[in-house]
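Peer 1: curious how this folds, go ahead:
(chains A and B)
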Amino acid sequence: MPTLDDLIGALEDQAADSTSTSVRQPVALRRALQVAVELGLAPSANDATNQALRATLNAFAQRLALDEHYAAHPDARPALHEVAQALAVLDRSPLAERADLLQQAEAEVQQHKPDADADDVLLWATSLLMHGKRRSRGERISA
Amino acid sequence: MPARPSARGAETHTLVLDNEAVQVLAEPGHGKHWAVLRFIEAAATRNRRRAGAVALLAPTVVRVEAGLDRRAATTVSLARLRVDDAALDTARANRAAALRPAGGSTVDVCVAEVAASVAAGKVTVLTADFSDIPSLLAAALSDAVVHRV
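Peer 2: Numbering: from 1, shown residues only, chains lettered A, B, ... in the order given. A predicted model of the protein is given here:
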């Protein structure tokens, strides 16, 4: 059974060797890729495909690595509102300074979406923030 | 050709880790471990929704200063968390050298150069140094934001 370390090892391998491969692609997706290259969105179909594949594999590895870390160190897992606050910092959102709203959002959003992630919490908190601003301006808020 | 609409959801972010950030990330027992780990979790959250949305960078000189091998046998090695190396080539070393008069250590200057060289998207530097890094970023004409850990 392959492990995360096997995946990491392959992703870290700096060897410049390449190989041709036969991948069945939907014709429409292939056409979209060609159009994207012609629009200058990617240097070549080959580069775009490899970049997308690498990004996807990196995301898989990152998720698995964190899950293994939390399994070994359960206390290290941050709360959703703490992750949402980090996302707010990255987004330059004023919610980065509103831990109170993010905690409220975490509590509320999970009642409606038990598998909510930090982006869901951030979106909910953004709504709370906007409603609070409109109320303070005396505007009506329709349901 | 009509102008392409801006795709809000396609915005990219880059998180640059400085010396203390990589050190506390490597130590699960460190009091600030969670403060850095939540940013890695934030990156993973976004990357699960859209692969490549958030890139993580550690300048190689930071790793040397912190004494970290990216392949370290821990659950939070930089390789496992997909924190990429950012090395200075000749042109970038020249730009970093030009920043030296703005102050800070060699590592600080390299962190600022790496942050300033990110081609697109929003850049955030995770650092414990709230004095030298901001002034270095200003000297590099970078709009990267500094967040204290």
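Peer 1: which ones are touching residue 88?
Peer 2: I'll assume chain A. A:94-96, A:98, A:102, A:122, A:125 (Cβ atoms under 8 Å, 6 or more residues apart in numbering or on different chains). Bear in mind the C-beta positions are built from the backbone N, C-alpha and C, glycine included.
Peer 1: actually, chain B is the one I wanted.
Peer 2: Neighbouring residues of residue B:88 by Cβ under 8 Å, 6+ apart: B:59-61, B:96, B:110, B:113-114.
Peer 1: scan the chain for its longest helix.
Peer 2: Looking at chain A here, since you left the chain open. Using DSSP state H, we find that the single longest helix of chain A is helix A:45-72.
Peer 1: let's do chain B instead
Peer 2: In terms of residue count, the longest helix belonging to chain B (DSSP H) is helix B:33-49.
Peer 1: neighbouring contacts of that one?
Peer 2: Counting by Cβ under 8 Å, 6+ apart, residues outside helix B:33-49 touching it are A:55, A:58-59, A:62-63, A:66, A:69, A:76, A:78, A:82-87, A:89-90, A:117-119, B:13, B:15, B:17, B:21, B:24-25, B:27, B:53-56, B:76, B:81, B:83, B:126, B:149.
Peer 1: any idea how far residue A:137 is from residue A:65?
Peer 2: According to Cβ to Cβ, to the nearest Å, residue A:65 and residue A:137 sit 45 Å apart.
Peer 1: so for those two, which residue has more residues nearby?
Peer 2: Neighbours per residue (other Cβ atoms under 10 Å in any protein chain shown) separate residue A:65 from residue A:137, with residue A:65 holding more: 23 against 7.
Peer 1: just list the residues touching the residue nearest the centre of chain B, thanks.
Peer 2: Of all residues in chain B, the one closest to the mean position by Cα atoms, centre = their mean is residue B:16, 0.6 Å from it. For residue B:16, the contacting residues are B:57-59, B:86, B:111, B:114-115, B:118, B:123-126, B:144, by Cβ under 8 Å, 6+ apart.
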